[in-house]
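In: here's a sequence, model it:
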Amino acid sequence: MSRPLVAPSILSADFADLAGGLRTIEESGADWVHVDIMDGRFVPNITFGPPVVEALRRRTGLPFDTHLMIVEPERYLKAFAKAGCTGLTVQAEACPHLHRTLQEIREAGCKAGVALNPSTPLAAVENVLGDLDLLLVMTVNPGFGGQSFIRSMLPKIEKARAMLDAAGSKAVLEVDGGVNAETAALCRKAGATAFVAGNAFFGHKGDRRELVQALRG
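Out: This is a model prediction of the structure:
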């Protein structure tokens with residue numbers, strides 16, 4: 001298996017210096033930039049739109065792992081793809097036609113991912129496993145940074161790993177929410193292969209390269 005992936009979330013950077021946040025991510029040796037898109041409807045918070053993503057794209061060559069926590073994501077797939085996103089992950093709960101939406105993501109030239117809220121069962125994606133490049137198991141309820149890891153999600157991660165393996169899927173199994181060196185180790189043991197870190201990354205007072213290595217395990 002290839003090494004685990006680390007995707008620091010730009011949501012936790014200083015909004016007055018997002019370019020500096022990107023430099024911090026690059027200098028840490030992390031693999032991806034995680035970009036949280038929130039619309040104030042699917043979740044209470046509001047973050048970035050395509051113009052901000054496009055501006056960020058000009059400042060780094062790292063892949064953009066973009067999580068669309070928005071209603072009707074199909075309306076914005078092309079705009080975010082054009083802005084420079086590498087992968088687009090939609091919430092299963094927001095997609096009544098999930099198979100179609102995943103096809104549209106790939107047609108737009110991006111990797112296709114699905115995220116599941118803590119209360120959403122894995123059954124929501126069992127019929128689209130062949131269309132997934134990434135499965136994101138949320139380990140907090142989405143909408144805000146700085147929340148505590150929900151440990152009861154560990155069995156769900158284990159089941160997700162078994163489900164992907166049984167289907168012969170090569171999809172990345174990502175976790176997001178309350179991820180730090182300690183909880184990442186638990187998630188790795190459960191079968192996760194990619195880790196989103198927000199406050200744990202940007203709030204880290206030591207060497208972030210060492211933190212990234214700790215998250216990889």
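
In: show the average pLDDT along the lengthiest helix in the chain.
Out: When the chain is parsed with DSSP state H, its longest helix is helix 154-166. Here helix 154-166 scores 98 as its mean pLDDT.

In: what of stretch 21-40?
Out: The model assigns stretch 21-40 a mean pLDDT of 98.

In: which residues sit against stretch 48-58?
Out: 10, 18-19, 22, 33, 35-37, 64, 66, 76, 79-80, 82-85 (Cβ atoms under 8 Å, 6 or more residues apart in numbering). For the C-beta atoms, the positions are set from N, CA and C on the backbone; glycine is no exception.

In: just the buried residues from these, in PyMOL please.
Out: Applied in PyMOL, the following selects the buried portion of the contacts of stretch 48-58 according to 16 or more other Cβ atoms under 10 Å:
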select buried, resi 10+18+22+33+35+36+37+64+66+76+80+83+84+85
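
In: narrow the contacts of stretch 48-58 to those in strands?
Out: Cross-referencing these against strands under DSSP state E gives 33, 35-37, 64, 66.

In: which pair in those spans the largest distance?
Out: 33 and 37 (12.7 Å; Cβ to Cβ).

In: quick check: residue 124 is in a helix.
Out: Yes. Under DSSP: H, G, I helix; E, B strand; the rest coil, residue 124 falls within a helix.

In: about what we covered before: for residue 176, state which of the ones in strands among the contacts of stretch 48-58 is nearest.
Out: residue 36 (8.6 Å).

In: so who does the nearest residue to the closest one once chain neighbours are set aside touch?
Out: Closest residue in space to residue 36, ignoring its immediate chain neighbours: residue 11 at 4.3 Å, by Cβ to Cβ, 6 or more residues apart in numbering. Residue 11 makes contact with 34-36, 47, 145, 198, according to Cβ under 8 Å, 6+ apart.

In: and for residue 78?
Out: Residue 78 touches residue 108, counting by Cβ under 8 Å, 6+ apart.

In: ok, now the one 3 residues further on?
Out: Shown in contact with residue 81 (Cβ under 8 Å, 6+ apart): 88, 105, 108-110.

In: shaky segments in the protein?
Out: In the predicted model of the chain, residues 1 satisfy pLDDT under 70.

In: make TSV from the contacts of residue 81 and add neighbour count, distance to residue 159 and secondary structure to it.
Out: Below are the contacts of residue 81 laid out as TSV (neighbours: other Cβ atoms under 10 Å; distance: Cβ to Cβ, whole Å; DSSP: H, G, I helix; E, B strand; the rest coil):
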residue	neighbour count	distance to residue 159	secondary structure
88	30	24	strand
105	28	24	helix
108	16	30	coil
109	12	31	coil
110	22	27	coil
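
In: three-state assignment of residue 101?
Out: helix.

In: look up how far residue 68 lies from it.
Out: 10 Å (Cβ to Cβ, to the nearest Å).

In: surely residue 195 forms part of a strand?
Out: Yes. With three-state DSSP as the criterion, residue 195 is part of a strand.

In: the helices in the chain, which residues?
Out: 18-28, 50-57, 77-83, 98-107, 154-166, 181-190, 199-202, 208-216.

In: name the stretch among the ones you listed that sits most buried.
Out: helix 199-202 (a mean of 22; mean count of other Cβ atoms under 10 Å).

In: what residues does that one touch?
Out: Counting by Cβ under 8 Å, 6+ apart, residues outside helix 199-202 touching it are 8-9, 12-14, 21, 24-25, 28, 30, 145-146, 179-181, 208, 211.
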